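**Q** sequence first, then the predicted structure, then my questions.
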Amino acid sequence: MSAFSRRGGELCCEAIAVSELAKKFGTPLYVYSKNGIVDRCRGFRAALGNTKICYAVKANSNPSILTLLHAAGFGMDVVSVGEMEHALKAGALPSDIVFSGVGKTDAEIERGISLGIFSFNVESRFEMEAIARIVARLKKPVRISFRVNPNVDVMTIPYIATGLYENKFGVPEGDLAELLEIVEGEPLVKLVGIGCHLGSQLLELKPYQLASSRLAKIASELKVAGHPIEFIDMGGGLGVSYVDEKPPSLKDYGAIVRAEADRLGVRLVIEPGRSVIADNGILVASVLGCKSTPKRNFCVVDAAMNDLIRPSLYEAVHRVEPVVESPVKAKFDVVGPICETGDFLGRDIPLPQLSRGDLIAVLTTGAYGMSMASNYNARPRPAEVWVDGSDSVLIRPRERPEQGF
Ligand code: LLP
């Protein structure tokens, strides 16, 4: 059964009409396909073999979704103590958790060391110093991997390219020696991996190939120097199709990212977020009304930039469609009620004549949708439901204004 499809002109999630879900749970509403997520996890496993797949929690941290991904055998890539606690609550073992991020506090480092997580992805000299200082105090061992900045260019929106010297992320290869000195001075620190994260929404495999051969070279040198290197971590970044992009298949991606690790006889770790979950979620909104100026038509809906910030923040383009199909009347900017011109979900969207109460859906919003939602304009964040065949389950209730935010 496909995650989202049209039946008789009605948008459906698995076996349920989206309009039924909107009636039952209200709008704005995030709707996910549970079986779509499970199928995608199977696809990853089939293409990636025994790779350690650590889902990037930042893409969507709904507790039920994390529990589902854990049950599918995924570990978790976290970037804050909050995400670490979510991962543990979802059932992840500390040995399933990698801790990424360019700035970790002492409290976060201490929590990860005490738990005995799989690895800290170390991004700077100051982080390495803090970890060495904290392990010495706690007298507990720690597993780390260096996140290298491979200076590999990728074609994506500038805010989410991370693997260049222009970006704050990772350690330039030339600076690894000074980090190694710290590792070699503290026997409780075990350097077990080497990794990178090139950026997000990548649609080409070439950068992965370039970066993985660089990492493999560094890994073999570290092995020769006596470090117990167990894995190469290729980060996340695989793109999805928002409009008509053609992302690589999981099979092709798997073959490229696995090649160097297999050749070197070490394990591969990956940290996918978007490519696991984006396609399996939509945001449903109700139309409040349509209006026009001499220049533009606007369709004002009850979801806004606080519910889905990607269009406003990155000028990201998502498909926006009426939940019930009917002939197109004109092009509209689909906008929210927030008092900013930047508050839009889609621009120049061909839509039928819609009236108050009609429904629209913003597609491919399973990733970086709800996880980036805020309470701007004191707006309650949306409810989230998932559909499992012909059942629907509320997996996070809508916030209520009286909760105060
Ligand atoms: N690992 C690390 C270290 C990361 O920084 C990220 C994403 C991932 C893994 C997961 O990447 P993915 O597979 O999801 O591409 N808010 C932006 C995306 C920011 C991505 C940040 N890092 C958006 O809405 O497009």
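**A** Great, that's in hand.
**Q** drop to CA atoms for contacts and neighbour counts, all remaining ones
**A** OK.
**Q** low-confidence ranges in the protein?
**A** 1, 155-163 (pLDDT under 70).
**Q** residues in it within reach of the ligand, list them.
**A** 56, 59, 100, 160, 197, 200-201, 235-238, 271-275, 310, 368 (Cα under 6 Å from any ligand atom).
**Q** from these, which ones fall inside helices?
**A** Among the residues of the chain next to the ligand, DSSP state H puts 274, 275, 310 in helices.
**Q** which one of those has the most neighbours?
**A** Neighbour count (other Cα atoms under 10 Å) singles out residue 274 as the most crowded of those, with 27 neighbours.
**Q** excluding chain neighbours, what is closest to that one?
**A** residue 367 (5.1 Å; Cα to Cα, 6 or more residues apart in numbering).
**Q** can you pull the contacts of the one you found?
**A** Counting by Cα atoms under 8 Å, 6 or more residues apart in numbering, residue 367 makes contact with 59, 60, 273, 274, 277, 278, 279, 281.
**Q** relative to the ligand, how far out is residue 117?
**A** Using Cα to the nearest ligand atom, to the nearest Å, residue 117 is found at 16 Å from the ligand.
**Q** look at that residue and give its secondary structure.
**A** Secondary structure assignment for residue 117 (DSSP: H, G, I helix; E, B strand; the rest coil): coil.
**Q** number of nearby residues for it?
**A** Residue 117: 20 neighbours (other Cα under 10 Å).
**Q** in this structure it contacts residue 97, no?
**A** Yes - judged on Cα atoms under 8 Å, residue 117 makes contact with residue 97 at a distance of 5.5 Å.
**Q** that older thread, could you dump the ones in helices among the residues of the chain next to the ligand to a markdown table with distance to residue 286?
**A** Below are those laid out as a markdown table (distance: Cα to Cα, whole Å):
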| residue | distance to residue 286 |
| --- | --- |
| 274 | 26 |
| 275 | 27 |
| 310 | 19 |
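**Q** tell me the one of those nearest the ligand?
**A** residue 274 (3.8 Å; Cα to the nearest ligand atom).
**Q** which residue packs closest to residue 124, ignoring adjacent ones?
**A** residue 171 (5.9 Å).
**Q** would you work out how far apart the start and end of stretch 94-106 are?
**A** End-to-end distance for stretch 94-106: 18 Å, by Cα to Cα, to the nearest Å.
**Q** in the stretch 301-405 of the chain, which residue sits nearest the ligand?
**A** residue 368 (4.6 Å).
**Q** give the contact list for that residue.
**A** Residue 368 makes contacts with 58, 59, 60, 274, 278, 308, 310, as judged by Cα under 8 Å, 6+ apart.
**Q** try 10 Å this time
**A** By Cα atoms under 10 Å, 6 or more residues apart in numbering, residue 368 lies in contact with 57, 58, 59, 60, 61, 273, 274, 277, 278, 308, 309, 310.
**Q** which residue, other than its chain neighbours, is closest to residue 328?
**A** Nearest residue to residue 328 in three dimensions, chain neighbours excluded: residue 352, at 4.1 Å (Cα to Cα, 6+ apart).
**Q** residues contacting the one you found?
**A** By Cα under 10 Å, 6+ apart, the neighbours of residue 352 are 321, 322, 324, 325, 326, 327, 328, 329, 330, 331, 332.
**Q** does residue 404 touch residue 381 like I think?
**A** No - shown here, residue 404 and residue 381 do not form a contact pair, counting by Cα atoms under 10 Å, at 11.8 Å.
**Q** give the burial count for residue 224, as a bare number.
**A** Neighbour count of residue 224, defined by other Cα under 10 Å: 11.
**Q** which residues are in contact with it?
**A** The neighbours of residue 224, taking Cα under 10 Å, 6+ apart as the test, are residue 218.
**Q** neighbours of the residue nearest to residue 124, just the number please.
**A** 23.
**Q** can you tell me how far it sits from residue 259?
**A** Plainly put, residue 171 is 23 Å away from residue 259 if you go by Cα to Cα.
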